[in-house]
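Colleague: sequence below, structure please.
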Amino acid sequence: MPNLFELKDIVEKESCEHFNSCLLKLYHDGSEGMAWYRVAEKEMRRNGATGSLSWGAVRHFGFKHKQTKESVTQLLEEVC
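Modeller: As a prediction, this is how the structure comes out:
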């Protein structure tokens, strides 16, 4: 299994972006998940990118705009 820095390199190469942080979540089964993803970090630049990977199961990854409440959901396919 690749380490986090190898995965970071792969995602940066594919996305042409640079990432400075990592959030890892463990979900035991399909009933668990995370609320709407919200970036509140001061280090995040305006219109910055978020990379996301999923192991073990297909997952939905959703964003919701703070003011307009517009939402976008992306299906994350299994990578391993």
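Colleague: how about residue 7, secondary structure?
Modeller: helix (DSSP: H, G, I helix; E, B strand; the rest coil).
Colleague: gap between the closest residue to it other than its chain neighbours and residue 16?
Modeller: Of all residues not flanking residue 7 in the chain, residue 53 sits nearest, at 6.6 Å (Cβ to Cβ, 6 or more residues apart in numbering). Where you see a C-beta, it was placed from the backbone N, CA and C, and this is true even at glycine. Separation of residue 53 from residue 16 (Cβ to Cβ, to the nearest Å): 17 Å.
Colleague: check contacts around the most centrally placed residue in the chain.
Modeller: Closest to where the C-alpha atoms of the chain average out (Cα atoms, centre = their mean) is residue 52, at 2.8 Å. Counting by Cβ atoms under 8 Å, 6 or more residues apart in numbering, residue 52 touches 61, 74, 76.
Colleague: okay, buried residues for the lowest-mean-pLDDT helix or strand in the chain please.
Modeller: Ranked by mean pLDDT, DSSP states H and E, the weakest helix or strand in the chain is strand 59-64, scoring a mean of 80. Neighbour-count burial for strand 59-64, counted by 16 or more other Cβ atoms under 10 Å, picks out 59, 61.
Colleague: thanks again, I'm all set now.
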